[in-house]
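Enquirer: build me a model from this:
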Amino acid sequence: MKNLKKSHICFLIWSLYCLVSGIIQQQIEALYVWIVTTAVFLLAVLLKKYIPKNVHTALSKSDNETEKALAIKEEKMESQNCKNNSATNAFTYKPKNNKNASIKIKKNDSSTTSDAVTKKNINLEYQKTIFLYAQSKRSFKNKDSYPKYILYELKITDPLSFRKSLIDQGYLNTVQVSITEVLKCMSLPELKKILEENHLKKTGNKPELINRILSFASEKAILDISKKGEFYELSEKGKKFLLKNNDYIKLHEHSSWEITLEQFDKAKKELPFNANFHDVAWSIFNSRLIKTPVYESRSTYLHMHQLTSDEGNLEKALYYLLIVIYLDVSGTEWYDHVISYYDGLYTKKDLIKLSESLLFPTYSIEKIKHYKDYYDPLIVDEIYSLYQLPYTACPIALLKQIIDDSLDDKPLDSEYYSKKISDNFKNIIKNL
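Expert: Residues are numbered from 1 along each chain as shown. Okay, the predicted model is just below:
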């Protein structure tokens with residue numbers, strides 16, 4: 001009886017009451033109640049006795065523990081999926097400076113907009129290169145005067161200590177410079193602060209501010225400036241180091257191309273020759289084109305235009321510029337919204353409103369004038385033939401007309417052509 005709970009005792013009393021009532025008063029219903037209640041009681045006792053204890057333990061876990069277990073499980077599944085998704089496809093890349101060489105570039109499923117920017121473990125070689133490159137352009141005297149990318153891109157939280165380590169390694173030399181050179185290295189706010197302290201005018205450009213300080217500032221101010229005359233310049237070792245890592249400097253200067261340091265190093269190792277920055281970037285762009293449809297590749301084609309323009313290959317630069325314009329005037333930037341219309345997420349009225357936000361690429365079209373000697377209408381025919389889109393708000397004849405007008409000496413009527421493209425987009429939506 002000691003092991004019986006109060007609820008069990010009450011249940012037994014109720015069961016006995018039903019049994020006695022059924023026998024004395026000869027009530028069949030009471031006997032049925034007794035039989036059922038007794039059976040339920042015995043079943044509960046048996047279940048409690050024979051269900052394993054670990055089941056009870058699992059069932060009694062708190063909600064937080066359960067959620068934690070699920071989270072760990074999902075994390076493991078996600079990790080496994082990443083491994084499973086590492087199966088690769090390949091394409092052949094033939095670089096400009098080595099037409100006989102080819103390399104298989106691995107294709108992964110990771111997003112370029114997400115690759116585009118996290119650098120947790122920065123390569124020390126890259127850190128030193130970009131830091132010295134920044135130091136070679138200006139001598140920094142304190143932590144606050146360093147550009148922000150020293151922290152955000154290079155993850156250097158203490159630039160002064162980092163600079164000291166480079167001095168100790170022989171990459172930088174200490175030099176004495178004139179007061180004029182000190183002032184030239186100062187920012188406009190710094191120069192204006194000196195002028196304010198000497199009660200002088202703060203208006204004018206940088207050379208005017210410097211001349212005013214040199215001409216009218218007090219002797220004490222000039223003396224204070226001269227004390228800042230200890231600067232740092234690249235040593236021969238530092239210059240050779242930058243020359244060796246010039247590709248990293250170009251990677252830093254072309255940050256808008258969204259090529260991470262990890263992507264660059266990996267692609268360069270996979271190329272079977274001594275590739276330069278443009279070769280590596282080109283292979284990465286080709287890899288991106290494989291992973292994305294044409295209508296989502298506008299930024300990649302723009303970067304390819306910039307790359308070929310940097311190389312001086314103006315004919316190719318024009319070709320990729322025309323692809324960028326072709327995509328800009330097509331209206332396919334809203335293609336995902338059009339697809340969502342079929343899923344019931346948008347109405348035709350919603351999509352027609354989007355036509356008001358279609359921007360006419362005046363700047364890109366005006367750039368065609370720089371490549372006038374290389375333009376041929378057949379290039380437009382080739383682009384429309386090779387780069388198929390789900391739809392286009394700018395028929396081939398209209399784009400040719402826009403280009404012809406842009407090459408004339410007259411100003412391009414952007415408003416007129418913008419309305420025509422907008423009207424064409426509206427008609428596409430109405431015919432869905």
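
Enquirer: so Tyr363: helix, strand or coil?
Expert: Here Tyr363 is helix, with the state taken from DSSP: H, G, I helix; E, B strand; the rest coil.

Enquirer: just the pLDDT for it.
Expert: The model reports Tyr363 with a pLDDT of 91.

Enquirer: for burial, what's the neighbour tally of it?
Expert: By other Cβ atoms under 10 Å, 8 other residues sit near Tyr363. From N, CA and C alone the C-beta is placed, and that goes for glycine too.

Enquirer: how close does it sit to Lys400?
Expert: 19 Å (Cβ to Cβ, to the nearest Å).

Enquirer: same check, this time on Leu359
Expert: On the measure of Cβ to Cβ, Leu359 and Lys400 end up 20 Å apart.

Enquirer: please apply the same query to Thr180.
Expert: For Thr180, the distance to Lys400 - Cβ to Cβ - is 57 Å.

Enquirer: so which strand or helix has Ile225?
Expert: helix 219-226 (DSSP states H and E).

Enquirer: would you mark the buried spots in that helix?
Expert: Ala221, Ile225 (16 or more other Cβ atoms under 10 Å).

Enquirer: what helices and strands are in contact with that helix?
Expert: Applying 3 or more Cβ pairs under 8 Å, 6 or more residues apart in numbering; DSSP states H and E, one finds that helix 219-226 contacts helix 179-185, helix 188-197, helix 206-216.

Enquirer: strands along the stretch 201-350 of the chain, start to end?
Expert: 230-234 (DSSP state E, counting those that start in this stretch).

Enquirer: what about Asp224, distance to Ser330?
Expert: From Asp224 to Ser330 the distance is 61 Å (Cβ to Cβ).

Enquirer: I meant Gly344, not that one.
Expert: Counting by Cβ to Cβ - Gly344 and Ser330 are separated by 25 Å.

Enquirer: which of those two has more residues huddled nearby?
Expert: Remark: of Gly344 and Ser330, Ser330 carries more neighbours, 25 against 7, as counted by other Cβ under 10 Å.

Enquirer: report the residue ranges of every domain in this protein.
Expert: 6-49, 124-244, 292-430 (automatic domain parsing).

Enquirer: right, and the ones you listed - which one's nearest Ile284?
Expert: For Ile284, the closest of those is domain 292-430, at 9.2 Å, according to Cβ to Cβ.

Enquirer: what's the offset of that closest one from the middle of its chain?
Expert: 24 Å (Cα atoms, centre = their mean, to the nearest Å).

Enquirer: could you do stretch 273-282 as well?
Expert: How far stretch 273-282 lies from its chain's middle: 22 Å, per Cα atoms, centre = their mean.

Enquirer: got the buried residues for that stretch?
Expert: Ala275, Asn276, Phe277, His278, Asp279, Val280, Ala281, Trp282.

Enquirer: pretty sure the fourth one sits against Ser309.
Expert: Spelled out, it's His278. No: His278 lies out of contact with Ser309 (Cβ atoms under 8 Å); the separation is 11.1 Å.

Enquirer: I'd say Tyr232 and Arg163 touch.
Expert: Yes: applying Cβ under 8 Å, one finds Tyr232 in contact with Arg163, separated by 7.2 Å.

Enquirer: so what's in contact with those two at the same time?
Expert: Taking Cβ atoms under 8 Å, 6 or more residues apart in numbering as the contact rule, Tyr232 and Arg163 both touch Gln135, Leu172.

Enquirer: if we can go back for a sec, got a list of contacts for the helix holding Ile225?
Expert: So helix 219-226 is in contact with Ile179, Val182, Leu183, Ile194, Glu197, Asn198, Ile213, Leu214, Ala217, going by Cβ under 8 Å, 6+ apart.

Enquirer: and stretch 333-340, what's its mean pLDDT?
Expert: pLDDT averaged over stretch 333-340 gives 90.

Enquirer: also stretch 344-360?
Expert: For stretch 344-360, the mean pLDDT works out to 86.

Enquirer: tell me where the model's unsure across the stretch 201-350 of the chain.
Expert: Within the stretch 201-350 of the chain, the ranges that satisfy pLDDT under 70 run 228-230.

Enquirer: pretty sure Thr174 is in a strand, no?
Expert: Yes: counting by three-state DSSP, Thr174 is located in a strand.

Enquirer: and it, how far is that from Phe264?
Expert: Distance from Thr174 to Phe264, by Cβ to Cβ: 33 Å.

Enquirer: give me the more crowded residue out of the two.
Expert: Here Thr174 and Phe264 are set side by side on neighbour count (other Cβ under 10 Å), and the busier one is Phe264, at 21 against 9.

Enquirer: how far away is the more buried one from Phe277?
Expert: From Phe264 to Phe277 the distance is 8 Å (Cβ to Cβ).

Enquirer: what do you get for Ser299?
Expert: 19 Å.

Enquirer: quick check: Pro159 touching Ile150?
Expert: Yes: counting by Cβ under 8 Å, Pro159 does reach Ile150; the two are 5.4 Å apart.

Enquirer: need the overlap of contacts for the two.
Expert: Phe131.

Enquirer: measure stretch 223-234 end to end?
Expert: 26 Å (Cα to Cα, to the nearest Å).

Enquirer: got CSV for the domains of the chain, with distance to Thr260 too?
Expert: CSV is the format used below for the domains of the chain (distance: least, Cβ to Cβ, whole Å):
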stretch, distance to Thr260
domain 6-49, 59
domain 124-244, 11
domain 292-430, 14
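
Enquirer: tell me which of those sits nearest to Glu258.
Expert: Of all these, domain 292-430 comes closest under Cβ to Cβ, at 7.7 Å.

Enquirer: can you give me the end-to-end span of that closest one?
Expert: 28 Å.

Enquirer: where in the stretch 51-200 of the chain is pLDDT low?
Expert: 51-122, 137-144.

Enquirer: repeat that for 50
Expert: Across the stretch 51-200 of the chain, the ranges flagged by pLDDT under 50 are 51-120.

Enquirer: ok, now which ones touch the closest residue to Phe216 other than its chain neighbours?
Expert: Distances taken as Cβ to Cβ, 6 or more residues apart in numbering place Leu200 nearest to Phe216, at 5.6 Å, with adjacent residues excluded. Counting by Cβ under 8 Å, 6+ apart, Leu200 touches Arg212, Ile213, Phe216, Ala217.

Enquirer: hang on, isn't the last one packed against Glu196?
Expert: In this case it means Ala217. No: using Cβ under 8 Å, Ala217 makes no contact with Glu196, being 11.2 Å away.

Enquirer: looking at the two, which is more packed in?
Expert: Ala217 (21 against 11).

Enquirer: and that one, what is it in contact with?
Expert: Ile194, Leu195, Asn198, Leu200, Ile225.

Enquirer: state the number of residues packed around Thr308.
Expert: With other Cβ under 10 Å as criterion, Thr308 counts 21.
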